[in-house]
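Asks: Fold the following.
(one chain, ligands or ions: 4)
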Amino acid sequence: MARSRPAILLALAVAATALLALAPAPAAASKYNITKILAPYKEFSKFNAMLSETRLANDINRRQTITVLAVDNAGMAALDHYSKQTRRHILSLHVLVDYYGEKKLKKGGNTASSTLFMATGVASETAGYVNITRKGSKISFKTEDADDTAKPAQLVKSIKEYPYDISVLQVSSIISSAEAEAPVPPPAPVDLVELLSKKYCKSFADLLSANTEAFHAVNETKDNALTLFCPIDAAVAAFAPKYKNLTAKAKTAILLYHAIPDYYSLQLLQSNNGVTTTLATTSENKKDYSYDVENKGKTVTLQTKVITSSITNTVADSEPLGVYAVSKFLQPKELFKVVEAPAPAPEPSKKKAKAADGGEDDSSDDSGAGDETADKGDAAPAVIAQWVTAAATLLAAAFALMG
Ligand SMILES: *[C@@H]1O[C@H](CO)[C@@H](O)[C@H](O)[C@H]1NC(C)=O
Ligand SMILES: *[C@@H]1O[C@H](CO)[C@@H](O)[C@H](O)[C@H]1NC(C)=O
Ligand SMILES: *[C@@H]1O[C@H](CO)[C@@H](O)[C@H](O)[C@H]1NC(C)=O
Ligand SMILES: *[C@@H]1O[C@H](CO)[C@@H](O)[C@H](O)[C@H]1NC(C)=O
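Replies: Ligands and ions are numbered 1, 2, ... in the order given. Coordinates of the predicted model:
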């Protein structure tokens, strides 16, 4: 009945790396921008474009200690016939949640690395892993569930390495995996007004549907990736006199201010601090329209410098759409008077705030080239530390078993 020792060891090691793979991605750690790193290499333009299209670029930028396995334009043709969601799954296998420089690989033995595919929640126990094997100077990457006829992807060369943050390597072809290649049903159509009306946000749904321009922008974004903060009915009622006073343009802007063109799960919001831009940022040229998303324990607050609103309930949280009810109408500093904080808690510096951005900050000049000045967030290391401890405990248990 007892499982063999190696089997237990493997199970524990798998569990430990699984913990690390699923660990909340620290947005505050964003120091490098994969889109910028790959931009000069035209032979990877297709791979780079697809990282953005599938939003994996954001996921990569939010992480620390990561390896990206890039495939050149010719090799990317293998993905042409897949849907966008399936491409996201396949490409997420090309993002290893650990740092592998070329040297380390060429010296190292065989290993299995967890990938971002595990974080998608669709991978089964072992499907999120890529085996890295070395034979002489040849390094190959293969999944457990690769098609038998598939040739393993081989390491071609190192593209760019920033030890031990991000390593970008070229592999010869797309890594095959039956699970990642499986068709993904398109997300069920969501009626935004109905969704909001049913749960906490009827009044906000009314405001939104009455504003054609704002509604159109939000409705269009929701099928790609959207996080919407909807003020609860009481908050809309309290804000109504001020809302009525706004110009038509400002009404549109303030509604768009409640929408972020990216998907944040509640778990991600609860484990990250940082500045986020909004749909109003994109629509209002040269205006900031951003706010700080901060968490204390499980409470997530949105701080606009005018008011602080907090998430009270989840209306919907299913990739690519997150909708959260918030306690107060968000008032941007672009339209309302900034309220100075009474006792200034240690404010994150501007630089920190920028570094924390998940990937919408187009004002950032960060070339991705070793920006040593970018700080790491305060919260993220603590979170990572917890997960590392959990993993270490498991590994310690493994060693104890080895006895
Ligand atoms: C992948 O690695 C694991 C653990 O090292 C090993 O048990 C498994 O046989 C490997 N699979 C392949 C397809 O190489
Ligand atoms: C909102 O988007 C859906 C597609 O998700 C579409 O069917 C619907 O017509 C849109 N509504 C409006 C009012 O544009
Ligand atoms: C609306 O605007 C008027 C005129 O500018 C101002 O007197 C009034 O205080 C404003 N009301 C609110 C609720 O902001
Ligand atoms: C990353 O770089 C791309 C291209 O330069 C840019 O569009 C994007 O906004 C940047 N993302 C971040 C988080 O700075």
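Asks: separation between the residue of the stretch 201-350 of the chain found nearest ligand 4 and C230?
Replies: Of all residues in the stretch 201-350 of the chain, T277 sits closest to ligand 4, at 9.4 Å by C-beta to the nearest ligand atom. Bear in mind the C-beta positions are built from the backbone N, C-alpha and C, glycine included. Plainly put, T277 is 18 Å away from C230 if you go by C-beta to C-beta, to the nearest Å.
Asks: ditto for G322
Replies: 11 Å.
Asks: ok, these two, which is more surrounded?
Replies: More crowded of G322 and C230, by other C-beta atoms under 10 Å: C230, with 28 against 23.
Asks: thought that one was touching Y200?
Replies: Yes - counting by C-beta atoms under 8 Å, C230 touches Y200, with 7.0 Å between them.
Asks: okay, and the common contacts of the two?
Replies: Common contact partners of C230 and Y200 (C-beta atoms under 8 Å, 6 or more residues apart in numbering): 315, 325.
Asks: which bits of the stretch 101-250 of the chain sit near ligand 1?
Replies: 112, 131, 142, 144 (C-beta under 6 Å from any ligand atom).
Asks: which residues does S318 bridge with?
Replies: Beta-bridge partners recorded for S318 (DSSP bridges): L321.
Asks: what about the residue nearest the centre of the chain, distance to K222?
Replies: Compute the mean C-alpha point of the chain, and by C-alpha atoms, centre = their mean the closest residue is D59, 3.3 Å away. The spacing between D59 and K222, counted by C-beta to C-beta, is 19 Å.
Asks: coming back round to it: just the buried ones among the residues of the stretch 101-250 of the chain next to ligand 1, please.
Replies: The neighbour count (16 or more other C-beta atoms under 10 Å) marks 112, 142, 144 as buried among those.
Asks: where does the first one land in three-state SS?
Replies: Spelled out, that is A112. Under DSSP: H, G, I helix; E, B strand; the rest coil, A112 falls in the strand class.
Asks: looking at it, it is touching I132, isn't it?
Replies: Yes - look at A112 against I132 with C-beta under 8 Å: they come within range, at 7.2 Å.
Asks: can you confirm K157 is in a strand?
Replies: Yes - counting by three-state DSSP, one finds K157 located in a strand.
Asks: pLDDT wise, what is A391 at?
Replies: Listed pLDDT for A391 reads 41.
Asks: Which positions within stretch 76-84 qualify as buried?
Replies: 76, 79, 82.
Asks: Stretch 40-48 now?
Replies: 41, 44, 46-48.
Asks: now it, how far from the chain's geometric center?
Replies: Put simply, stretch 40-48 sits 21 Å off its chain's centre (C-alpha atoms, centre = their mean, to the nearest Å).
Asks: who's in contact with stretch 138-155?
Replies: Outside stretch 138-155, the residues touching it (C-beta under 8 Å, 6+ apart) are 69, 71, 93, 102, 105-106, 126-127, 129-133, 169-180.
Asks: Then stretch 41-54?
Replies: 34-35, 38-39, 57, 60, 70-73, 76, 79, 84, 87-88, 91, 159, 170.
Asks: just checking, which of those residues belong to strands?
Replies: When these are checked against strands (DSSP state E), the matches are 70, 159, 170.
Asks: Now do the SS call for the nearest residue to the second one once chain neighbours are set aside.
Replies: Pointing back at I159 there. Residue nearest to I159 in three dimensions, not counting chain neighbours: V168, with 4.3 Å by C-beta to C-beta, 6 or more residues apart in numbering. What three-state DSSP gives for V168 is strand.
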